[in-house]
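**Student:** quick check, what structure comes out for this input:
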Amino acid sequence: MRQYVGKINHIDGYAQNELFTVLFPNSIRLGHKASVVMQWTKKADGEVKANGTELGSVATITCHEDGSKEVEICKDSENYYWFKLALNGGEDEMGIKFYNNRDEYCGEGTAKLLFQECTC
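**Tutor:** As a prediction, the model looks like this:
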């Protein structure tokens, strides 16, 4: 398992410097499961400090010559948000941008690899 933890901000203030966690199985591969757990500062319905979850899979991976990758996750139709991750060459840090199901930009953040367990 790979666990990335960081902070995220929503452009409309729903998340302001809030906890953001991305989980993958052992590696990041096309079609592999991916999950996102985050906390909202205040949801659109007014609920404060609500947790949110998006479950899905790795939809696309774009590899670059410097070893970095762009990975899109949770684009499955039942999710409200999907995420574009920019991983560095060591896959231990990522930039995060997220979009709603209408492909409108909603915010961004950063995360670092916190835990990795090899099941080789």
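**Student:** correct me, but Leu55 touches Ser35?
**Tutor:** Yes: using C-beta atoms under 8 Å as the test, Leu55 is close enough to Ser35 to be in contact (5.0 Å). Placement of C-beta: from N, CA and C, glycine included.
**Student:** common neighbours of the two, please.
**Tutor:** Cys74 (C-beta atoms under 8 Å, 6 or more residues apart in numbering).
**Student:** what is the neighbour count of the closest residue to Gly13 other than its chain neighbours?
**Tutor:** Nearest residue to Gly13 in three dimensions, chain neighbours excluded: Thr41, at 6.7 Å (C-beta to C-beta, 6 or more residues apart in numbering). Neighbour count for Thr41, taken as other C-beta atoms under 10 Å: 15.
**Student:** residues contacting Thr41?
**Tutor:** Thr41 neighbours (C-beta under 8 Å, 6+ apart): His10, Gly13, Tyr14, Ala15, Gln16, Glu18, Val48, Lys49.
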